[in-house]
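[1] Model the structure of this input:
(one chain, ligands or ions: 1)
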Amino acid sequence: MGLRDDVAKVLIPEKALQARVAELAREINAIYTDEDRPLLVCVLKGAFMFLADLTRYLEIRHEIDFMEISSYGKGTVSSGVVRILLDLAQSIEGRHVLIVEDIIDSGRTLDYITRNLHTRQPASLRVCTLLSKPARREIDIPVDLVGFDIPDEFVVGYGLDFAEEYRNLPFIGVLKEEAYQSSEGQV
Ligand code: PRP
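    Here you go, the predicted model:
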């Protein structure tokens, strides 16, 4: 049995994902100039694949850096606990910063990151997320660019995991019940 056998349905197929990521890149190309030289802050681990594709579609000069924030256990529900596991390698004072996220759920992670990065005095701070679940929002944070609004289903693939697996799937999918049950002990 492979990873794909655990998928009940494909919510966003690979082609639709790639087309939307290219569109988002065009929007980012239009927001910034080469002189702005924005810093794309990829929020690990989930956004690694989105960032990797997004950066290849960008035409403006830019840099990338990484932060890792932990807010979830191995289960499907946010613990609400947020902490920095890996911080940026550089100062962002006076820089144009674009946060690149895979998904905004409750909004707690993004609320924490934006408040934290604001204290470092960037020239501007914007947010680009591939996915958003508006139905689950607890903290309403302005988001500049959203790839897809999705229903309140636990999704995996294209960087998103369940118990650290399924990140490599090239589409966004929903798991079968059995896939959760077999890992119940880890939740
Ligand atoms: C996910 C996702 C966001 C956050 C969104 O990260 O990448 O950072 O949860 O949830 P929220 O809006 O309720 O805060 P996760 O903690 O699963 O880590 P990962 O990206 O390393 O898988």
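[2] so how far is stretch 157-177 off the chain centroid?
    Its chain's C-alpha centre lies 13 Å from the corresponding centre of stretch 157-177 when counted by C-alpha atoms, centre = their mean, to the nearest Å.
[3] can you pull the buried residues of that stretch?
    Using 16 or more other C-beta atoms under 10 Å as the burial criterion, the residues of stretch 157-177 that qualify are 157-163, 166-167, 169, 171-175. C-beta: built from backbone N, CA, C; applies to glycine.
[4] Output the contacting helices and strands for the longest helix along the chain.
    Criterion DSSP state H: the longest helix present in the chain is helix 14-31. Judged by 3 or more C-beta pairs under 8 Å, 6 or more residues apart in numbering; DSSP states H and E, helix 14-31 is in contact with helix 48-57, strand 124-132, strand 145-149.
[5] residues making contact with the next helix or strand along the chain from the last one?
    Scanning forward in sequence from strand 145-149 by DSSP states H and E, the next helix or strand is strand 155-156. Applying C-beta atoms under 8 Å, 6 or more residues apart in numbering, the set of residues contacting strand 155-156 from outside is 7, 11, 103, 131, 162, 165-167, 169, 172-175.
[6] ok, now stretch 51-59?
    Contact with stretch 51-59 is made by 18, 21-22, 24-26, 28-29, 40, 42, 62, 64, 100, 128, as judged by C-beta under 8 Å, 6+ apart.
[7] Count the neighbours of the nearest residue to A89 once chain neighbours are set aside for me.
    Distances taken as C-beta to C-beta, 6 or more residues apart in numbering place D65 nearest to A89, at 5.8 Å, with adjacent residues excluded. Using other C-beta atoms under 10 Å, D65 is surrounded by 15 other residues.
[8] Touching, D65 and L44? I think so.
    No. Using C-beta atoms under 8 Å, D65 is not in contact with L44; the gap is 10.6 Å.
[9] Endpoints of stretch 141-152, how far apart?
    Criterion C-alpha to C-alpha, to the nearest Å; first-to-last residue distance in stretch 141-152 is 18 Å.
[10] for that stretch, which positions count as buried?
    By 16+ other C-beta under 10 Å, the buried positions in stretch 141-152 come out as I141, V143, L145, V146, G147, F148, I150.
[11] No more questions from me, cheers.
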